[in-house]
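1. take a look and give me a structure for this.
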Amino acid sequence: MSGSARRLRGAEEGAAAVEVSAIIGVLLLLILCSIELARVFWTYNTMLLAVQEAGRFAMTYNHGRSSPCPTQNQAQRCPRQSDTPLANCSALRARQVLSAYQAAYVDVSVEEDPASFPAKVTICASTSFGFTAPQLLPIGTLDLISQVTVPLS
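-> Numbering: from 1, shown residues only. The predicted model follows:
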């Protein structure tokens, strides 16, 4: 092999390492973004499942329930809560579903409107979703809200 051929081959030896490091960095960022997006969808879907289940509970137990339920807390960015047994028990049911899916950091509020025809209940869940690596994804927090209104008939 001539001397010039050896010099050219020696100049290209580190190029593959540089290309691989650049591609791995982009790939890892893409994988991290995909995982975070999946967590956002999972949290929103869990919230939606909880408010739908609470709506079913409200429609089923509209005419009374034997045991009292603890009062609910007001969720941020949700309608004003009602302090009725049906609303408190519906909020408790939503919190039970959320805790079963290990999403206990979600706030739930239930507003009962008996004056409308037909009477209706609005169940709302909200949370501020924080990303795992906020330094890599400078998006901040996302406010997720899931709300369902069901008739009481």
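2. what are the phi and psi angles of the spatially most central residue of the chain?
-> Note on the chain: the residue nearest the mean C-alpha position is Thr43, at 2.4 Å, using Cα atoms, centre = their mean. When read as degrees, to the nearest 10, the backbone of Thr43 gives phi -60, psi -50.
3. what about Ile23, how many neighbours?
-> Under the neighbour criterion other Cβ atoms under 10 Å, Ile23 is assigned a count of 10. All C-beta spots, glycine's among them, are computed from the backbone N, C-alpha and C.
4. repeat that for Pro151.
-> Neighbour tally, Pro151, other Cβ under 10 Å: 14.
5. give me the low-pLDDT residue ranges for this protein?
-> Low-confidence segments of the chain, defined by pLDDT under 70: 1-12, 64-66, 104, 136-137.
6. now the strands for it?
-> According to DSSP state E, the chain carries its strands in the segments 107-113, 120-129, 142-151.
7. now render those strands as CSV, adding distance to Glu19.
-> Converted to CSV, those look like this (distance: least, Cβ to Cβ, whole Å):
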stretch, distance to Glu19
strand 107-113, 48
strand 120-129, 35
strand 142-151, 35
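8. where do the helices sit along the protein?
-> According to DSSP state H, the chain carries its helices in the segments 3-11, 15-60, 85-100.
9. could you figure out how far the last one is turned away from strand 107-113?
-> Orientation check (axes from the mean of the first three to the mean of the last three Cα atoms, to 10 degrees): helix 85-100 against strand 107-113 gives 160 degrees.
10. what of the longest one?
-> Relative orientation of helix 15-60 versus strand 107-113 (the same axes, to 10 degrees): 30 degrees.
11. off-centre distance for helix 15-60?
-> Offset of helix 15-60 from its chain centre (Cα atoms, centre = their mean, to the nearest Å): 10 Å.
12. what do you get for stretch 89-105?
-> Here the centre of stretch 89-105 is set off from its chain's centre by 13 Å, with Cα atoms, centre = their mean.
13. report the contact partners of Glu112.
-> 82, 84, 86-87, 119-121, 152 (Cβ atoms under 8 Å, 6 or more residues apart in numbering).
14. widest-spaced pair of the residues you listed?
-> Spanning the widest gap among the contacts of Glu112 are Thr84 and Lys120, at 12.9 Å by Cβ to Cβ.
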